[in-house]
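> coords please:
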Amino acid sequence: MTTWFTADLHFGHANIIGYCDRPFADAEAMNRSLVEGWNDIVGDDDTVWVLGDVALGRIADTLPLVSLLTGRKLLLAGNHDRCWVGHGKRAKGWTERYVDAGFAEVHQGHVPLRVVGQDVIACHFPYRGDSQDRDRYTEHRPPDNGQWLLHGHVHEQWRQRGRMINVGVDAWGYRPVGEQAIAELLMRGPADQPPQYQPPQ
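Numbers count the residues shown, from 1 in each chain. Predicted structure coming up:
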């Protein structure tokens, strides 16, 4: 049994292909490739933490794609997830829909985790930095108390920046990243690493 991490799949979001220079002809091809890439490496008994932004577009068509993904899936909601508490009253009733779609659990904010014996925290948002030219949602970001942080949100901006590790698909070859790869980064210490566009071997 392995634990995996990912974020920012953006199922059904055609514009993300252009925004992040994703190598897909259209949203349908992107959806298919993301599902196949996930299922190629994640086993039925594995656990996958999705750190936000699963499905966009026509949500009735894109959210059900979660049911095609193998493993036990845990969602830590991001700003593009309908169930995110940052949406206020509009989020009401959506957590149940995400569970019905295939998530075993839905979490909000940031959560403490252990990765191969190392304490980290996970959140959709990094301590600082953004996919755009200004830091958005600053009130929803975790305080930087010196801990390692696994996050998404920044797409192709970096794979690692200091103690922040971006687990988003744009930084890891469009598939989840395993706990062992994360542990190796933790062991090497704070550093700056660019996105890795090909899946790790």
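
> In this protein, spot the helix with the most residues.
In the chain, taking DSSP state H as the definition, the longest helix is helix 27-41.

> What mean pLDDT does that one get?
Averaged across helix 27-41, pLDDT comes to 97.

> Buried residues, that helix. List them.
A27, M30, N31, S33, L34, V35, G37, W38, I41 (16 or more other C-beta atoms under 10 Å). Backbone N, C-alpha and C define where each C-beta goes, glycine included.

> I'd like the next helix or strand past that helix.
strand 47-50 (DSSP states H and E).

> what comes into contact with that next one?
Contacts to strand 47-50, defined as C-beta atoms under 8 Å, 6 or more residues apart in numbering, come from residues 1-7, 9, 38, 42, 69, 71-76, 103, 113, 122, 150, 167, 176.

> Only C-alpha atoms, please: export that strand in CSV.
This file holds the C-alpha atoms of strand 47-50, laid out as CSV (Å, rounded to 0.1, in the frame of the first residue of the first chain):
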residue,chain,number,x,y,z
THR,A,47,-4.4,6.1,-0.8
VAL,A,48,-4.4,9.3,-2.8
TRP,A,49,-4.5,12.8,-1.2
VAL,A,50,-5.9,15.2,-3.8
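
> That one: what's the following helix or strand?
helix 59-62.

> What residues sit buried inside that following helix?
I59, T62.

> Same check on stretch 165-172?
I165, N166, V167, G168, V169, D170, A171, W172.

> now do the same end-to-end measure for that stretch.
11 Å (C-alpha to C-alpha, to the nearest Å).

> where does the protein have low pLDDT?
For the chain, the stretches flagged by pLDDT under 70 are 197-201.

> Let's see that with 90 instead.
57, 131-134, 195-201 (pLDDT under 90).

> which stretches of it form strands?
With DSSP state E, the ranges of strands along the chain come out as 3-6, 47-50, 72-76, 103-107, 110-115, 118-123, 148-151, 160-162, 164-166, 177-178, 191-193.

> can I get these in CSV with distance to D130?
Putting those into CSV (distance: least, C-beta to C-beta, whole Å) gives the following:
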stretch, distance to D130
strand 3-6, 19
strand 47-50, 20
strand 72-76, 18
strand 103-107, 22
strand 110-115, 17
strand 118-123, 13
strand 148-151, 11
strand 160-162, 12
strand 164-166, 12
strand 177-178, 21
strand 191-193, 16
